[in-house]
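Visitor: Provided below for reference: sequence and predicted model.
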Amino acid sequence: MLLSNRASADDFPAPYNSEPDLSVPLMPAQQAAEQMQVPEGFRVSVFAAEPDVQNPIAMAWDRRGRLWIAENYTYAESKQRFDLSLRDRVVVFKDANRDGVPESRTVFTDQVQMLTSVEVGHGGVWLMCPPQVLFIPDGDGDAVPDGPPQVVLDGFTVSQANYHNFANGLRWGPDGWLYGRCGHSCPGLLGVPRTPDEQRIPIRGGIWRFHPERKTVEVLCHGTTNPWGHDWDQHGELFFINTVNGHLWHMMPGAHFRESFGNSQNPGVYERLDTIADHWHFDTTGKWHESRDGKANEYGGGHAHIGTMIYQGRQWPAEYHNRLFTLNMHGLRTNVERLEREGAGYAGRHQTDIFISADRWFRGMDLSTGPDGAAYVIDWSDTGECHEHTGVHRTSGRIFRIACEGAGTRKTTNTKTDLLTPRCLMDDGPLPKLWQQYQSGETTPTMLRELLSHPDEHVRVWGIRLLTDFWPLDTLMGPQPDFVYTSDEETYAALLKLASDDESGLVKLQLASTLQRLPVNRRAKLAAALVTDERFAADPYLPALTWYGLIPVGDSDPAALVEIARHCRWPLTLRWIARNLAGRIETSPTPINSLLEIAAKFDANLRQSVLPGLSEAFQGWRKAPQPVAWPAFAELVTETADESGDTTLLVRELNVLFGDGRALSEIRKLALDSSQSLPTRQTALQTLIDARPDDLRELCESLLNERVLNATATRGLALFDDPAIGKQLAQSYSRFDPRERPAVLNTLVSRASFAAALLDSLGSGRGKIPRSDLTGLQARQILAFNDETLTQRLTETWGTLRDTSAERQQMIAALREKLSPETLARANLVSGRRLFQKTCSNCHKLYGEGKQIGPDLTGSQRANLDYLLQNVVDPSAQVPANYRVSIVVLNDGRVLSGIVGTRNNRTITVQTATESHIIELSEIESETPSPLSIMPDNQLQTLTDEQQRDLFAYLMHPVQVAVERDSSRSSPGPRETE
């Protein structure tokens, strides 16, 4: 053990181990270092190991070259989430001669809990302890607190339904702000202590920053799943890593990034930005083998990524300089990314994986360049998953040092100074000097404006950033009413000139971000200058980022959007402008009419982009006023349409919406014409259902015997409250494609009058609906009618719903005993896959198969029986808000149970287990949220013991089960193959 001071409290609770799986022994630290696979010339040594370091969760370097480590003992298995009988601590390692062997270890504090990050600077130590950021003063830098912790920022909620994804990652940026990260399952409201909720800044995943002197906070970007690593490159561009839905992202202020599920809370964000990586570290085609145990190593190791280092030291060979390194949890390795400028932004290219651990306990948490130019890797060192579902091994932990032999210990410049810059930046070029001048208060607006003509695009980008550094940024939902947006005239004029004249896509990307820092009435002119550049018409980031800044312009001045459209050469931005203006047609018809007149003069490709914008705006609408310019525009786009027929059909659909009787007749003919393709007929029939002509019932009934079309016809029949329709659907049940039958059952439980016919038809034998087809969610909806007769009939024909937690826990215990390893070993995995397709795939994906209404199971902890039992038997025990069911009662008597997604001032989207409904608000009688998951409690009730065994064995199986398509079946079904 290292010599340690006595700063730790005598009453520090002794850490205990709760991880039950010790079948793989802990590899000694020295052996783990020696057996790590590294490129030729590299050497791995142990900087520190247990008991000197345990459960290291974060690291930071100070200006004296000391390494600060955050040790987290309070994080616990899911049943506890955090064990607050324990405490966390911060330890400091000093290696004065930089030989990779620390001379001392100091405990700075052990009086904190829920610690996820540490950073040093501005007169003290900064700790992320969700829901708070703490500051512990240490003015003289002697690693002894000068006073008690101070809460400087709060609102980082730790969700009650989640035990990961919480806030983490404190790092000083080159602008002198303190940056951090937060996962999307722990949404929060950020502010300094005692800030009223209405003045707080919402966060729902993404990157945020806090200014230590001004005490202001802003959320820079929104989305992703669980970012747990970020760093700045040599140009000061921030890149961060993420888990599940893409691993590598370029942080663009004001960006809305894709999440693993759900939609943006901002109704104006129609689509979100994707990862910059041109690859994945697992197979996303459905053939992906589980990330664990090396099954995804050929791709990079798996979906879970932790820690980020962009190497800017001078010790390693040049081929590694400015490469991004991230730890791949399941692959026990380090992924390497080559960052390249592409279009207006960046692309990430996969390089050969390095630093591959032979230690099955290796759980790398972060990596960073030290003052000697070597890389330091902290290892949580445990056997469990990233969620530590089963337990935590708290008495292990390592810090590895990875150096290039023969390189000596050459000092890396600018490791830490009193000013704050990204870790270990080299001093080449003008940027490090600029950042130091800015943080010292030596820059002036005039000096920064001069940078806007610098030959280096990165310097021009930073000129824009620093000039607008304290202009407030839009929040997730747009400008806040109490925000005071300011912009000085000289800087605004300079930005307009850049937008018009600068050739750099990166500069334009920064200007697009800056739109969200401008007063709303000053955005249109800057945007109009950006959207004229045809070179970026297909860019994956610039058109969307520009639109995000224009969303509030549509609210305040729709005519300004029309003027932007006049100059726009970007199809995607034009499509969204059309969508925004079309949605306002009832209160402000002039702008959309003007847009159609302008778009008629565009080339065919640009003109065509207006059509889907109109269609998307009117989703869920029954009728809409026809713009005066529509007939001429529709004729023009039809004349210049391609041969696919999609444009013509879209024009007809809009004509129906606008009340054109001739179009309605044409659509009716298409729906009934057996010579047309099925997709064309389905689309036509759905258009009729939306329009609700007088003969809709007769039309739908005539198609009940036509497979595939009959499923669409069922949606039309659901509109009529007649018991005879329920009886007709129940009697026709066997004629529906098996894949469509869940939707038919959803229709049958949407009305009390239909449910009676359904329950009369439940049973076995010819002409009956199998009892096992009715899900617990559907049974729950029947109970929602509060009809004694229906409830009694449900109990008699199907069974009862377990309502108490005690009963569910008893069932879990019974299943755990029944599903022993010996029992599971006898399972029929092909049967299990069939059951998954029937029971689970309507909501969950596994190996790319199924729908993603609920979480993708491929990367979950399904190898753990306890995890599966808890989530299958008692899914409502912990339910993220994204998966909670609402009961929506419609004016026509229908009842829908589902997740309420996108919501605007005209419609809401309700996602049921089988389909998505876009409903006009005027058609809703009531909407009642519930604490229940969309996944029902009684999924297993209708399965036999053998079926339960097969299903769980399949869910726990580490690879996909071999299948082939059986041509004798009407729908795909697995069959065992050689």
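Guide: Good, I have the coordinates. As the structure is a prediction and not an experimental result, all values here were calculated from the model. Numbers count the residues shown, from 1 in each chain.
Visitor: Could you check how far residue 327 is from residue 107?
Guide: In this view, residue 327 and residue 107 are 26 Å apart by CB to CB, to the nearest Å. C-beta: built from backbone N, CA, C; applies to glycine.
Visitor: Tell me which of these two has more neighbours.
Guide: Set residue 327 next to residue 107 and count neighbours by other CB atoms under 10 Å: residue 327 wins out with 30 against 18.
Visitor: Not counting sequence-adjacent ones, nearest residue to that one?
Guide: Distances taken as CB to CB, 6 or more residues apart in numbering place residue 364 nearest to residue 327, at 3.5 Å, with adjacent residues excluded.
Visitor: and that neighbour, how many neighbours?
Guide: Neighbours of residue 364 using other CB under 10 Å come to 25.
Visitor: same thing with the one 5 residues further on?
Guide: If you count neighbours by other CB under 10 Å, residue 369 ends up with 26.
Visitor: Okay, it and residue 397: tell me how far apart.
Guide: 20 Å.
Visitor: any idea how far residue 130 is from the residue nearest to the spatial centre of the chain?
Guide: Nearest to the geometric centre of the chain sits residue 259, at 1.8 Å (CA atoms, centre = their mean). According to CB to CB, residue 259 stands 19 Å off from residue 130.
Visitor: Can you pull out the low-pLDDT segments for the stretch 401-550 of the chain?
Guide: Scanning the stretch 401-550 of the chain for pLDDT under 70 picks out 406-428.
Visitor: Helices of that one, residue ranges please.
Guide: Listed in chain order, the helices of the stretch 401-550 of the chain (DSSP state H, counting those that start in this stretch) span 431-439, 445-450, 457-467, 489-501, 505-514, 523-530, 542-556.
Visitor: Mean neighbour count and distance to residue 299 added to those, as JSON lines?
Guide: Converted to JSON lines, those look like this (neighbours: other CB atoms under 10 Å; distance: least, CB to CB, whole Å):
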{"stretch": "helix 431-439", "mean neighbour count": "19", "distance to residue 299": "35"}
{"stretch": "helix 445-450", "mean neighbour count": "15", "distance to residue 299": "44"}
{"stretch": "helix 457-467", "mean neighbour count": "22", "distance to residue 299": "32"}
{"stretch": "helix 489-501", "mean neighbour count": "16", "distance to residue 299": "40"}
{"stretch": "helix 505-514", "mean neighbour count": "24", "distance to residue 299": "29"}
{"stretch": "helix 523-530", "mean neighbour count": "22", "distance to residue 299": "37"}
{"stretch": "helix 542-556", "mean neighbour count": "24", "distance to residue 299": "28"}
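Visitor: Distance to residue 236 added to those helices, as JSON lines?
Guide: Below are the helices of the stretch 401-550 of the chain laid out as JSON lines (distance: least, CB to CB, whole Å):
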{"stretch": "helix 431-439", "distance to residue 236": "6"}
{"stretch": "helix 445-450", "distance to residue 236": "14"}
{"stretch": "helix 457-467", "distance to residue 236": "6"}
{"stretch": "helix 489-501", "distance to residue 236": "18"}
{"stretch": "helix 505-514", "distance to residue 236": "11"}
{"stretch": "helix 523-530", "distance to residue 236": "22"}
{"stretch": "helix 542-556", "distance to residue 236": "18"}
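Visitor: Go through the ones you listed and name the closest to residue 739.
Guide: The closest of these to residue 739 is helix 542-556. By CB to CB, the value is 34.0 Å.
Visitor: what helices or strands is the closest one leaning on?
Guide: Under the contact criterion of 3 or more CB pairs under 8 Å, 6 or more residues apart in numbering; DSSP states H and E, helix 542-556 touches helix 505-514, helix 523-530, helix 558-567, helix 571-582.
Visitor: contact partners of stretch 321-328?
Guide: The contact list for stretch 321-328 (CB atoms under 8 Å, 6 or more residues apart in numbering) reads 229, 231, 233-234, 239, 241, 247-248, 281, 300-302, 304-312, 333-339, 348, 351, 353-354, 364-367, 375, 377.
Visitor: and these, which are buried?
Guide: 229, 231, 233-234, 239, 241, 247-248, 281, 300-302, 304-312, 333-337, 339, 348, 351, 353-354, 364-367, 375, 377 (16 or more other CB atoms under 10 Å).
Visitor: Run the chain-centre distance for the helix or strand hosting residue 810.
Guide: Here residue 810, judged by DSSP states H and E, is contained in helix 805-818. Here the centre of helix 805-818 is set off from its chain's centre by 33 Å, with CA atoms, centre = their mean, to the nearest Å.
Visitor: cool, and stretch 213-224?
Guide: Distance, centroid of stretch 213-224 to centroid of chain: 18 Å (CA atoms, centre = their mean).
Visitor: What average pLDDT does it get?
Guide: For stretch 213-224, the mean pLDDT works out to 96.
Visitor: Could you double-check that residue 89 sits in contact with residue 53?
Guide: No. Taking contacts as CB atoms under 8 Å, residue 89 lies outside contact range of residue 53: 10.5 Å.
Visitor: Any buried residues in stretch 775-789, and which?
Guide: Judged by neighbour count (16+ other CB under 10 Å), stretch 775-789 contains these buried residues: 775-785.
Visitor: quick one: average pLDDT of that stretch?
Guide: On average, the pLDDT along stretch 775-789 is 87.
Visitor: just stretch 355-374 next, same as before
Guide: Here the average pLDDT along stretch 355-374 is 96.
Visitor: What of stretch 75-89?
Guide: Regarding stretch 75-89, the rounded mean pLDDT is 88.
Visitor: which parts of it are buried?
Guide: For stretch 75-89, the neighbour count (16+ other CB under 10 Å) marks 75-78, 81-83, 86-89 as buried.
Visitor: Contacts for that stretch, please.
Guide: Contacts of stretch 75-89 (CB under 8 Å, 6+ apart): 8, 12-13, 15, 18, 55, 57, 70-74, 107-115, 129, 158, 163, 387-392, 867, 870, 878.
Visitor: same deal with stretch 521-536?
Guide: Outside stretch 521-536, the residues touching it (CB under 8 Å, 6+ apart) are 343-344, 487, 492, 495-496, 499-500, 505, 508, 511-512, 514-515, 518, 542-543, 546, 549-550, 552-553, 556-557, 560-561, 563-564, 566-570, 573.
Visitor: Distance from the chain centre to stretch 644-656, please.
Guide: Centroid displacement of stretch 644-656 relative to its chain, using CA atoms, centre = their mean, is 34 Å.
Visitor: typo on my end, it should be stretch 758-771
Guide: The chain centroid and the centroid of stretch 758-771 are separated by 41 Å under CA atoms, centre = their mean.
Visitor: what pLDDT, on average, does it get?
Guide: 88.
Visitor: Can you get me the start-to-end distance on it?
Guide: 10 Å (CA to CA, to the nearest Å).
Visitor: cool, stretch 502-521 as well?
Guide: Stretch 502-521 has its terminal residues 23 Å apart, counting by CA to CA.
Visitor: again, but for stretch 82-94
Guide: Its first and final residues considered, stretch 82-94 spans 30 Å by CA to CA.
Visitor: In contact with residue 725, which residues are there?
Guide: The contact partners of residue 725, by CB under 8 Å, 6+ apart, come to 697, 717, 754.
Visitor: Most neighbours among these, please name it.
Guide: The contacts of residue 725, ranked by neighbours (other CB under 10 Å): first place residue 754, 26 neighbours.
Visitor: quick check: mean pLDDT across the one helix or strand residue 231 maps to?
Guide: Using DSSP H and E, the element containing residue 231 is strand 230-232. Average pLDDT, strand 230-232: 98.
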